[in-house]
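Enquirer: Just the structure for this:
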Amino acid sequence: MALDENWFSEPCETCGSAFSLKVVSKLHEEQTAFQKIEIFETEKFGNLMTIDGFVMLTTRDNFVYHEMMAHPVLYSHPQPDNVVIIGGGDCGTLREVLKHPQVKSALQIDIDKRVTRLSEKYFPELCESNDDPRAQLQFDDGIKWVKEADATSIDIIIVDSTDPIGPAEGLFSEPFYRDSHRALGNGGLIVQQSESPLFHTESIIKPMHDAMRCAGFADVATIHFPVCSYPSGWWTASIARKHGKINFTREQDALNKAFKTLYYNTAIHRACFATPEFLRARIT
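Expert: All right, here's what the predicted structure looks like:
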């Protein structure tokens with residue numbers, strides 16, 4: 001990370017690229033027990049949160065990521081009663097999950113309480129469902145929690161994590177997927193952010209598919225969506241189903257949804273599962 005002449009820049013050294021935002025001011029900076037968190041006011045993208053120098057979210061484009069981490073997987077499950085979010089401390093994914101009236105409980109487990117407390121201050125719109133009676137916020141080690149969860153007790157696990165470094169590294173591993181497989185019910189699904197197919201196919205997406213299959217998941221797919229402020233602007237999440245094929249189980253519910261979205265709709269749902277040829281050749 002570099003902050004030079006009022007610009008925040010996040011370089012991707014291995015890819016020979018960088019993303020920059022013009023900064024008005026730094027609003028907050030602190031080193032927690034787990035990571036360094038900074039909040040900036042930017043000129044065109046609203047507030048910006050970074051962790052250890054990496055962009056986590058901006059006011060302007062976070063809606064695409066949060067909607068796509070929640071709605072495709074929820075509408076792919078026949079009855080998503082119990083949802084667990086690992087990470088997701090900014091609470092944007094939790095907000096999207098709780099738009100679904102079918103959800104009876106949504107437990108968010110993030111290791112660092114400060115991410116949530118700072119989001120409540122600087123991104124309050126993402127935290128508007130934190131007081132929903134179905135929501136529970138727990139600040140703990142998500143890997144340990146899933147390992148100790150009761151078998152077949154969860155319908156959907158959403159892994160809304162940082163990059164596979166530091167506290168999040170273990171979330172990208174076969175042992176974690178095995179524990180998730182055991183904790184999920186028969187129709188259970190897990191979704192995890194899997195970064196850019198242009199930059200991370202060999203380092204993240206393919207190993208994730210392989211590890212999920214080795215952990216016992218019957219079907220794995222990667223969905224695609226744009227996020228301007230993430231490396232390359234092209235982002236993914238990978239979904240795995242415990243038994244059977246991933247399918248658009250509740251398409252009619254999606255067509256008739258009573259809540260508003262800015263990006264997600266049924267056409268986006270169907271299209272996001274399409275796999276580009278270069279990626280198909282590497283992950284199948």
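Enquirer: State the number of residues packed around Asp163.
Expert: Each residue near Asp163 was counted by other Cβ atoms under 10 Å, and the total is 17. From N, CA and C alone the C-beta is placed, and that goes for glycine too.
Enquirer: Could you measure from it over to Ser25?
Expert: The span separating Asp163 from Ser25 equals 26 Å under the rule Cβ to Cβ, to the nearest Å.
Enquirer: now swap in Leu255 and tell me
Expert: Using Cβ to Cβ, we find Leu255 at a distance of 44 Å from Ser25.
Enquirer: swap in Gly233?
Expert: Noted for Gly233: a distance of 25 Å to Ser25, by Cβ to Cβ.
Enquirer: Can I take it that Val83 is in a strand?
Expert: Yes. Counting by DSSP: H, G, I helix; E, B strand; the rest coil, one finds Val83 located in a strand.
Enquirer: Check whether it really touches Glu96, as I assumed.
Expert: No. With contacts defined as Cβ atoms under 8 Å, Val83 does not count as touching Glu96, sitting 10.5 Å away.
Enquirer: re the thing from before, comparing Gly233 and Ser25, which residue is more hemmed in?
Expert: Residue environment comparison for Gly233 versus Ser25 gives the larger neighbour count to Gly233, 13 against 9, counting by other Cβ under 10 Å.
Enquirer: Please give me every residue in contact with the more buried one.
Expert: Contacts for Gly233 (Cβ atoms under 8 Å, 6 or more residues apart in numbering) come out as Pro226, Val227.
Enquirer: again with the one 5 residues further on
Expert: Under the criterion of Cβ under 8 Å, 6+ apart, the contact list for Ser238 reads Val191, Gln192, Ser194, Ile205, Met208, His209, Met212, Val220, Ala221, Thr222, Ile223.
Enquirer: Next up, phi/psi of Thr32, please.
Expert: Backbone dihedrals for Thr32, given as degrees, to the nearest 10, come out at phi -90, psi -180.
Enquirer: Number of residues surrounding it?
Expert: Per other Cβ under 10 Å, the neighbour tally for Thr32 reads 14.
Enquirer: Please apply the same query to Leu279.
Expert: Leu279 - counted by other Cβ under 10 Å - has 17 other residues nearby.
Enquirer: hey, which helix is longest across the chain?
Expert: Counting residues, the longest helix found in the chain (DSSP state H) is helix 62-74.
Enquirer: Which elements pack onto that helix?
Expert: The contact analysis (3 or more Cβ pairs under 8 Å, 6 or more residues apart in numbering; DSSP states H and E) places helix 62-74 against helix 92-97, strand 154-160, strand 184-195, strand 219-226, strand 234-241, helix 266-272.
Enquirer: how's this structure carved up into domains?
Expert: The record, using automatic domain parsing to delimit domains, assigns the chain the ranges 2-57, 62-283.
Enquirer: and the ones you listed, which is most packed in?
Expert: Greatest average neighbour count among the domains of the chain goes to domain 62-283 (a mean of 19), per mean count of other Cβ atoms under 10 Å.
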